[in-house]
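Student: With the input below, show me the fold.
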Amino acid sequence: MQDNAPIHTARIVRTYFDNNGVHCLVGWPPYSADMNPIEHLWLRLKELIYKLAPDINLITNKDWQVDRLIEVLPMA
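Tutor: The predicted structure follows:
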């Protein structure tokens with residue numbers, strides 16, 4: 001997936017795509033998070049983590065926070 005970000009629309013990148021048979025969507029809005037499926041997945045995962053561990057954002061020690069995530073994620 002190519003999202004029309006400036007780095008992907010540089011002449012050298014377009015030439016590479018053309019020379020290697022990479023087809024790109026025309027009119028794809030640049031930086032469109034709504035069209036990026038992984039963004040929706042991260043949102044659902046975050047919602048589930050907060051449902052299973054509502055206290056996780058209160059943990060200030062990063063190591064403890066990671067331990068809590070490791071504890072919660074297998075339930076997700």
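Student: How is this protein partitioned into domains?
Tutor: The record's domain parsing of the chain by automatic domain parsing lists 1-32, 36-76.
Student: Mind telling me what element residue 68 is part of?
Tutor: With secondary structure defined by DSSP states H and E, residue 68 is part of helix 62-72.
Student: Just want the angle from the longest helix seen in the chain to helix 62-72.
Tutor: For the chain, the longest helix by residue count, based on DSSP state H, is helix 37-52. Per axes from the mean of the first three to the mean of the last three Cα atoms, to 10 degrees, the angle that helix 37-52 makes with helix 62-72 is 90 degrees.
Student: what's the spacing between the strand or helix carrying residue 14 and its chain's center?
Tutor: For residue 14, the element it lies in under DSSP H and E is helix 11-19. Averaging C-alpha positions (Cα atoms, centre = their mean, to the nearest Å) puts helix 11-19 25 Å from its chain's average.
Student: mean confidence score for it?
Tutor: Regarding helix 11-19, the rounded mean pLDDT is 88.
Student: a markdown table for the domains of the chain, including mean neighbour count?
Tutor: In short, each C-beta sits where N, CA and C put it, glycine included. Output for the domains of the chain, formatted as a markdown table (neighbours: other Cβ atoms under 10 Å):
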| stretch | mean neighbour count |
| --- | --- |
| domain 1-32 | 11 |
| domain 36-76 | 12 |
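Student: So what touches stretch 66-76?
Tutor: Contact partners of stretch 66-76, identified using Cβ atoms under 8 Å, 6 or more residues apart in numbering, comprise 45, 48, 49, 52, 53, 55, 56, 59.
Student: what do you get if the cut-off is 7 Å, keeping everything else the same?
Tutor: Identification of contacts with stretch 66-76 by Cβ atoms under 7 Å, 6 or more residues apart in numbering yields 45, 48, 49, 52, 53, 56, 59.
Student: Might one say that the last one is in contact with residue 65?
Tutor: Yes: between residue 59 and residue 65 a contact is recorded at 4.4 Å, counting by Cβ atoms under 7 Å.
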